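In: Give me a 3D structure for the following:
(2 chains)
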Amino acid sequence: MKPVAHALLRAALALVPTLVISNAATFYVTVAGLGGEPDYEQRFASQAQEIDKLLHASSGDAKVTTLYGPQATKANVQNALAQVARDAKPNDAFVLMLIGHGSFDGYDYKINLPGPDLSGVELGASLDRIACTRQLVVNMTSASGGSRASLEKASRVVITATKSGNEKNATVFARFWVEALRDPAADIDKNEVVSALEAFIYAETKTAQFYETQKRLATEHPILEDTGQGDGERKPSPENGEGLKAAQFALLRIGATQVAANTPEKKALLEKRDSLEEQIDKLKYEKAAMPADEYKKQLQNLLIELAKTQAELDK
Amino acid sequence: MSANRTAGLLTALLGGLMALPLAAQTPALQTLDECRGLRHHGKLAEAQTCFGRLTASSNPYLRAEGLWGIERYQEANDQFRDLIKQNPKNADYRVRWGHLFMERFNDQEANGLFEEAIKIDKENGQAYLGIAEIESEGFSKHAVEAAQKAADLDPKLFEAHEQLAYLALEDNDEDTAAKQADQALAISGEALDAMAIHAAIDFLHDKNDSPWPDRILKVNPAYGEAYSTAGHFYVINRRYEEGIRAYRKALELNPRLWEARMQLGLNLMRLGEDTEARQQLEECYNAKYQSSETVNSLRLLDKYKDFNTYKTPTTILRLHKKEADLLRPYFESEMERAIATYEKKYQMKLTGPVQVEVYPDHEDFAVRTMGMPGLGALGVTFGAVVAMDSPSGRPPGSFHWASTMWHELSHVYVLQATNNRVPRWFTEGLAVYEETAVAPDWGDRLDPEVIHAIQHKLLLPVAELDRGFIRPSYPSQVIVSYFQGGKICSYIAEKWGYSKLLDMVHSFAKLESTPDVFQKDLGISTTDFDKQFLAWLDAQTKVTTDHFDEWRDKLKIMVANERAKEYDDVIRIGNAIRDWYPDYVEPGSVYELMADAYTAKGDKDSARKQLEKYSEVGGRDPKLVEQLATLEEQAGEPKKAAAALDRLNYIYPEDQELHKRLGDLWLAQNNVPGAIREYQALLALKPLDQATSHYRLAQALRMANRLDQARDEVLLALEAAPGFKPAQKLLLEIAK
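Out: Okay, here's the model as predicted:
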C-alpha cells in the first residue's frame, strides 16, 4: 500500500463530504466469461457467484443479474443490459462487472463468451442506452485496457484490470476486487460503504503486492478513469483529476448506514455531525500550513465533539 | 597472475612472424622481448617507452602488443581483430587476444578465443592455461584440470605450475602448492608468481621473516603483484585486515596495479570502511579500470543513501528505508539476544560493535559480498560486519532470516576469537550447529542432495573438508559440506562435550592444522574420527537413506491420490512413509498432503496434528503455518496459535495479516508489549486500513497505560476515518 493512495482518498472524499447514499436503486450486472480450461472456468464462475452473494447480502432489494457458465452468452448479456435500460431511472446507479479472458486486436476489445464474443464497441452501445447518470464498469479480464476507449463517458467510472489491450495474460485483479467487497478493511474511511474508489485502491494495491511477493514481473496494471476522457490513472488523485466520481460512487453497503433522521432531535444532531465532519476535512487541508501542535489540538477537539455527537445519535 | 606469463609465448609467436622480412623481424622481436624484460624487472617507465616504440612497428602483431603495453586497449583490440582476419589459422594470436580480453574484464570473449585456439592447435598449452585462469576465478574444479593439461602439454610452461600452485593453495593444500611453485622455479629461476606463492604460504603462517619477498624484489623491485597474491589468500581465509595491508603494500610498490586497488576498495567496503572504499574504487574507475566489480560496487555505495543506520553500544544495523520501521525491532532484539547468548557460549566479548546490513535486493547483497551479482548465499561475514538478504528479498517461506543472522554472528565471534585463523569447514560447521542450538526448527533440513551424498559415500574426510567449500567437485557439494561440517560439530558436542568445540577454536587460533587439533583436543586422529563420525551419521540417517527411493515413489502416488480426491489413500500412505523422511518440509510434503486430506474429510484435529509436526520439524510455508494457527484457534489453543504465527516473524515478517492476527491473539492473552510490537509492524507495512490499524495499536497502548501514545494513535485512526465508531468510543474513554 502506498501512502499516496490514502492521501488521494482523503482528498477525494474531502471534496465530497458526504458520500451519496440515496434511496435510488442500484442495478448490478456481473458476467463471468469463457474460461477455456476447467481451472479458469471454475475460478471465473465462483468469483461471479461470490459477487452475487455479497451483493444480495449487502442489500435485500438489490437488483442483481449474474451470468456465468453457459448462461453468459452475448445475447444474454445484451438482454440483461437492455432490461436495465428499461428499468433504471436517471437517478439510479448501474454497475457492470466483467470477469474472464479478453482479447484486443489493436482496434477493438472482445470479452470471450460462449458462442460469439462481445466487443467493446457493442458493450459501449448497450451501456449508452442505460439512463443512469452514475455508472461503473469494472472490466477485470485480460486485455481489458483495450476496452477503455469504447466505454469512457462523462457519467461513467471505468476500471480495467490492465493498462492496455496488450497486457494479455490472465489477471488476478478480479480475485482482489471480490475480496474488496468482502473485506471490511476496504472501507478505508469506515463509513460502512465501500466506494468504487476504495474498492479500486484495495484491489490495485493487493494486485501489486501479489506480483511483488511472488517475485514475478507484473503483467497487469489496473487503471481507473472517471472523467470521460484520457488514459486513466493507476493512482487516481486530485492532482491528476481522476477518482472524484469513483469516490462518490457507493458500490456496496457493509453496515446499517444511517440514511435518514426520523426525529427533529436526530435531525439536529445529524446536521451537527455533518458540520463537524466538514470542519475536520477543512482542518486536514490546512494541516501543512499549521504548527503541528495546534493542528493536533484542534483535530482532537473536533474529533471528541464528533464522537460525542455520534454517541448521542446512536442512543 | 602477471605479465611475465607472456614471455613464454614469445617463442611460439615466432611462427606468426615468419612472413616478415628477416631484417625487419629480428630487431622487432628483440624489442618486444626487451619490453617484457624491462617490465619483468620492474623498470616500468622504460617498459612503457619500449612498448610505445612498438606501436610504430610495421608488424601488426607487434603493434597490437605495443598498444596493449601502453594501455591503448581499444586500438590493441582492433589490431588483434585484423590480425586474426589475416591469420585465421594462428592459434597463438587468439591466445594473446584472449588474454587482452581477460585483462579488460571480458572472460566470455577470452574463453571463446582460447577454445578457438585449441580447435586450431590441440596441443596449445597457453590456451589451456588461459582457460585455467578463467576457471580459477569461479573456483571451478576445471581450473585444475586445465592447468594440469597446460603443464603436461608444455613442460617448459612454468606459468602452468604457478597456476597449479595458486589453485592448490586456494584449497589449503600447502604441500602441493609449494611443490608446484618449486617446479615452476626449476623451469625459470625468475618465476615471480611461484615465489609469491611461497611468500603467501609463509605469510599465512605469520612468518614475517619470510625470505621470499626479498628474492622477489631483487628480480623486480616494483612487483606489487606478489603482495596482491598474498592479499588474495588472506581474503579467502577471511583475514580481511591483513588482506587490506597486503594490497596497500602492493600499491606502494606499483600504484598502477588497478586490480590490487580494486581489491583494496572491495575489502575496505567489506569491513564497513565505505569512505575510503569509494575513494579507491573511484580512482580505479577514473583510470578506466571499470571492471564489473568496480562499477557495481560504486553503484551500491550510491544506494546507501536509501538506507538507515541504527547504532547501539554493541550493534550497528543498516536497513533499507522502505523496510526499516518493520524490521528494526525484530533484528535489533535478535542481535541483542544472539550477542548475549554467544558471550556466554564463547566466553568472550567482542572488541567493538557488530554491524549487520540487510539488503532487500539480493543482487545488492551479492555485489556487497563479491562485487558481482549472482551469489548463491543468504548471508556473509567479514570480520565484525555481516551482510545478508532481507526476508523481503526472498520468496515467502524460503528463508529463515533469524537463523541466517545467528549463523553469521557465530562467525563474528569465532573469527575474532581466532584472529581469523580458522579453517572454513570448522567455522561453517560450528555456525550451522549454533543455528539448530537456538531452536530445533531453525537451520537447514536434511535435503535430498545430502541424502544422495550419504548414500553414495561422497562426504569428504574432515581433513579435506575445506575443499568441498572452496572447489566443489559436484554441484551440491557446498551444501553437503555445510551439512557435514554442522554434523561434525554436533557429533563432537555430543561425544566430547561443547567445551571441546571451544578448545578447538583456541587451537585453530594458533594456526594448528585440522589433524593436529583433532589429535590434541579430542585425542583422536582425523582418520579414526572419520570412521566413527560416519558410523554415527549413518545410524542417524539410516531410516531415511534406506527408504528414500521408496519414499519418493510413494510420495508421487500420494500426490496423484490427492488430485483424485482419494483422501483415505493419501492418509494411509502418508502414515506409512512420513517418518521415513521426516525432514522433508518442502512444498508437497507428506505433512501438507495429509493435512489437506484430513481437512477435506472434515477431520480438523488430525490436520492440525500434521501441521504441528510440520512446523516443529521446520516447515516454513507461511500459508501452512497460518493454517495451523487457524486450526489451533479453532481448537481452543490460542497460545499455540500465537506461537505458530510468531515463528513466521523470523521467516517472512512482510505479511500484514500475520501481524494483525498475532497482535490480536497477544492482546487477548494480555501480552501487551508483544501486541504493541505486532501492531507497530502492521502499520510499518502501510496497510490500506490505516484507521483500524491505528485503532488496534491505540487499544494496546491504552492497556499498557501509555495514554499519550494511545491518544495519538486513536487520533490518527480518526483522522483517516472520522466516523469510525470504535475509535470514537476509545477517544472518549481516553479523554475522560
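
In: For residue 303, give me its contacts.
Out: This is for chain A. Counting by CB atoms under 8 Å, 6 or more residues apart in numbering or on different chains, A:L303 touches A:I280, B:L715, B:L718, B:E719, B:P722, B:Q728, B:L731. All C-beta spots, glycine's among them, are computed from the backbone N, C-alpha and C.

In: ah, no, chain B please
Out: B:K303 makes contact with B:D364 under the criterion CB under 8 Å, 6+ apart.

In: Apply 10 Å and report the result again.
Out: Each residue near B:K303 by CB atoms under 10 Å, 6 or more residues apart in numbering or on different chains is listed here: B:H320, B:Y359, B:D361, B:D364, B:V367, B:R368.

In: Could you tell me the per-residue confidence at it?
Out: For B:K303, the pLDDT comes out at 92.

In: in whichever strand or helix holds it, what counts as buried?
Out: Using DSSP states H and E, B:K303 sits in helix B:292-303. Within helix B:292-303, the residues that count as buried by 16 or more other CB atoms under 10 Å in any protein chain shown are B:E293, B:T294, B:V295, B:N296, B:S297, B:L298, B:L300, B:L301.

In: Please tell me I have it right and the second one contacts B:L264.
Out: The reference is to B:T294. No - contact criterion CB atoms under 10 Å: B:T294 and B:L264 do not qualify, at 11.4 Å.

In: Touching both of the two, which residues are there?
Out: B:Q280, B:L281, B:E283, B:C284.

In: how about TSV for those residues, with secondary structure added?
Out: Output for those, formatted as TSV (DSSP: H, G, I helix; E, B strand; the rest coil):
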residue	secondary structure
B:Q280	helix
B:L281	helix
B:E283	helix
B:C284	helix
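
In: Keep only those residues that also lie close to chain A.
Out: Among the shared contacts of B:T294 and B:L264, no residue is within reach of chain A (CB under 10 Å from any CB of the partner chain).

In: Tell me the most packed of the residues you listed, by neighbour count.
Out: B:L281 (27 neighbours; other CB atoms under 10 Å in any protein chain shown).

In: list the contacts for that residue?
Out: Residues near B:L281 by CB under 10 Å, 6+ apart: B:261-262, B:264-266, B:268-269, B:289, B:291, B:293-298, B:301, B:371.

In: at 8 Å what do you get?
Out: By CB under 8 Å, 6+ apart, the neighbours of B:L281 are B:M262, B:G265, B:L266, B:M269, B:T294, B:S297, B:L298, B:L301.

In: what's the pLDDT at residue 32?
Out: Just so you know, I chose chain A. If you check A:A32, the pLDDT there is 97.

In: Can you look at chain B instead?
Out: pLDDT, B:L32: 89.

In: what about it, neighbour count?
Out: B:L32: 25 surrounding residues under other CB under 10 Å.

In: if I look at it, how far off is chain A?
Out: 52 Å (CB to the nearest CB, to the nearest Å).

In: If we look just around chain A, which residues of chain B are in range?
Out: Residues of chain B lying near chain A by CB under 8 Å from any CB of the partner chain: B:395-396, B:654, B:685-692, B:711, B:715, B:718-725, B:727-729, B:731-732, B:735.

In: Now go through those and say which are in helices.
Out: Mapping the residues of chain B next to chain A onto helices (DSSP state H) picks out B:690-692, B:711, B:715, B:718-720, B:725, B:727-729, B:731-732, B:735.

In: for the helix or strand containing B:W551, what is the average pLDDT?
Out: According to DSSP H and E, B:W551 maps onto helix B:526-563. When pLDDT is averaged along helix B:526-563, the result is 97.

In: which secondary structure elements does that helix contact?
Out: Counting by 3 or more CB pairs under 8 Å, 6 or more residues apart in numbering or on different chains; DSSP states H and E, the packing neighbours recorded for helix B:526-563 are helix B:448-455, helix B:477-495, helix B:567-577, helix B:590-600.

In: 10 Å instead, please
Out: helix B:448-455, helix B:477-495, helix B:514-517, helix B:567-577, helix B:590-600 (3 or more CB pairs under 10 Å, 6 or more residues apart in numbering or on different chains; DSSP states H and E).

In: that older thread, which two from the contacts of B:K303 end up farthest apart in space?
Out: B:H320 and B:V367 (14.3 Å; CB to CB).

In: So which of those two has more stuff around it?
Out: The residue with more neighbours, out of B:H320 and B:V367, is B:V367; 28 against 21, by other CB under 10 Å.

In: re earlier: mind saving the C-alpha coords of the helix holding B:K303 as PDB?
Out: What follows is helix B:292-303 as a C-alpha-only set of coordinates in PDB (Å, rounded to 0.1, in the frame of the first residue of the first chain):
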ATOM      1  CA  SER B 292      32.100  -5.100 -13.200                       C
ATOM      2  CA  GLU B 293      33.100  -5.300  -9.600                       C
ATOM      3  CA  THR B 294      34.300  -1.600  -9.600                       C
ATOM      4  CA  VAL B 295      31.200  -0.300 -11.300                       C
ATOM      5  CA  ASN B 296      28.700  -2.500  -9.300                       C
ATOM      6  CA  SER B 297      30.300  -1.500  -6.000                       C
ATOM      7  CA  LEU B 298      30.300   2.200  -6.800                       C
ATOM      8  CA  ARG B 299      26.600   1.900  -7.700                       C
ATOM      9  CA  LEU B 300      25.900   0.100  -4.500                       C
ATOM     10  CA  LEU B 301      27.700   2.800  -2.500                       C
ATOM     11  CA  ASP B 302      25.500   5.300  -4.200                       C
ATOM     12  CA  LYS B 303      22.500   3.400  -3.000                       C
END
